[in-house]
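A.B. asks: Please work out how this folds:
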Amino acid sequence: MKLKPCPCGKTPSTLLIADNGPKWAYVYGDCCNEWHIEFRTMYNLIDSEACMELAIEAWNRASRKEESE
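C.D. replies: Down below sits the predicted model:
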């Protein structure tokens, strides 16, 4: 699945997931490691494909500030 750009302006080549308990985790890009999104893991293991799919979905759905022209 294609990733949306990070607010830093770069598109991450991969997403990283940090555990935040059994129900929640943080996802952040490997571009700047500063912007992160909290998402529900649905009790999937952090290193599972199902959890990464949820992380990608959360990353791509997150609001980003529109650039002014």
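A.B. asks: Quick one: the helices in the chain, in order.
C.D. replies: In the chain, the segments counted as helices under DSSP state H are 49-61.
A.B. asks: which ones are touching the nearest residue to Asn20 once chain neighbours are set aside?
C.D. replies: Leaving aside its sequence neighbours, Asn20 sits nearest to Tyr26 (C-beta to C-beta, 6 or more residues apart in numbering; 5.7 Å). Any C-beta I mention is one placed from the backbone N, CA and C, and that applies to glycine too. Applying C-beta atoms under 8 Å, 6 or more residues apart in numbering to Tyr26 gives the contacts 17-18, 20, 36-39.
A.B. asks: where does the chain dip in pLDDT?
C.D. replies: Counting by pLDDT under 70, the chain contains low-confidence residues at 66-69.
A.B. asks: Tell me where it has strands.
C.D. replies: 15-19, 24-29, 36-40 (DSSP state E).
A.B. asks: possible to save the ones you listed as a markdown table with distance to Cys8?
C.D. replies: Output for the strands of the chain, formatted as a markdown table (distance: least, C-beta to C-beta, whole Å):
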| stretch | distance to Cys8 |
| --- | --- |
| strand 15-19 | 14 |
| strand 24-29 | 8 |
| strand 36-40 | 12 |
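A.B. asks: Need the winner for burial among the ones you listed.
C.D. replies: strand 24-29 (a mean of 19; mean count of other C-beta atoms under 10 Å).
A.B. asks: How far does stretch 43-51 stretch from one end to the other?
C.D. replies: Distance across stretch 43-51, first residue to last, is 8 Å (C-alpha to C-alpha, to the nearest Å).
A.B. asks: Use 35 as the first number for this chain going forward.
C.D. replies: That works, and once the first residue is 35, the last one we named lands at stretch 77-85.
A.B. asks: list the buried ones in that stretch?
C.D. replies: For stretch 77-85, the neighbour count (16 or more other C-beta atoms under 10 Å) marks 78, 85 as buried.
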